[in-house]
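Visitor: have a look; sequence and predicted model below, questions after that.
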Amino acid sequence: MAAGGRLAALDEIPDGQARGYAISTPTGVASIFVVRRGNWVHAYENSCPHVGTPLDWIPDDFLDRDQRHVVCATHGAIFRVEDGVCLAGPCQGDQLEPWPVIIREGGIWDASATLPVTDEALPTRRNDGDPDR
Ligand code: FES
């Protein structure tokens with residue numbers, strides 16, 4: 001899927017579960033995953049802050065047995081779904097890298113292409129087409 005595209009319908013992810021996606025970006029393919037909590041979703045890069053391996057050995061298997069936390073399949077680190085903070089394991093205190101998504105028209109959309117990458121990009125984007133700035 002290209003950056004800025006629709007990842008899935010919200011209902012395609014059962015409540016409480018997670019799904020992985022690959023997104024083509026200008027710098028390569030990004031592997032991400034989305035966890036659904038009711039009408040909310042939380043999305044992160046599929047890369048453990050410990051050594052950078054994907055979190056799932058089995059596709060879409062990102063959560064522990066009771067679906068409360070994200071778990072890294074490599075060394076068992078446990079992450080809070082809401083903010084990606086590692087609660088236990090070799091990278092305790094580190095954090096999953098969030099990925100921007102939005103929910104619109106019943107779908108989950110990648111928002112990485114619509115957000116500035118750096119602070120320096122903000123003035124350039126704000127000045128586009130505005131000769132008074
Ligand atoms: S790579 Fe995830 S805990 Fe080690």
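Guide: Looks like it came in fine. Numbering: from 1, shown residues only.

Visitor: quick one: Ile23 is in a strand?
Guide: Yes. With DSSP: H, G, I helix; E, B strand; the rest coil as the criterion, Ile23 is part of a strand.

Visitor: what's the closest non-adjacent residue to it?
Guide: Beyond its immediate neighbours in the sequence, the residue positioned closest to Ile23 (C-beta to C-beta, 6 or more residues apart in numbering) is Ala30, lying 4.7 Å away. Yep, even glycine has a C-beta here, placed from its N, CA and C like the rest.

Visitor: my guess is that neighbour is in a strand, correct?
Guide: Yes. Assessed with three-state DSSP, Ala30 lies in a strand.

Visitor: how far away is it from Leu7?
Guide: In this view, Ala30 and Leu7 are 12 Å apart by C-beta to C-beta, to the nearest Å.

Visitor: of those two, who's got more company?
Guide: More neighbours surround Leu7 than the other of Ala30 and Leu7, with 22 against 18 (other C-beta atoms under 10 Å).

Visitor: can I assume the more buried one is in contact with Met1?
Guide: Yes. Using C-beta atoms under 8 Å, Leu7 is in contact with Met1, at 6.6 Å.

Visitor: what residues are shared contacts of Ala30 and Leu7?
Guide: In terms of C-beta atoms under 8 Å, 6 or more residues apart in numbering, Ala30 and Leu7 are both contacted by the residues Ile23.

Visitor: and for Leu7 and Met1, which residues touch both?
Guide: Residues touching both Leu7 and Met1 (C-beta under 8 Å, 6+ apart): 21, 23, 110.

Visitor: surely the second one meets Asp110?
Guide: Translated: Ile23. Yes. Under the contact definition of C-beta under 8 Å, Ile23 touches Asp110, with a separation of 5.5 Å.

Visitor: fine, thanks again, bye for now.
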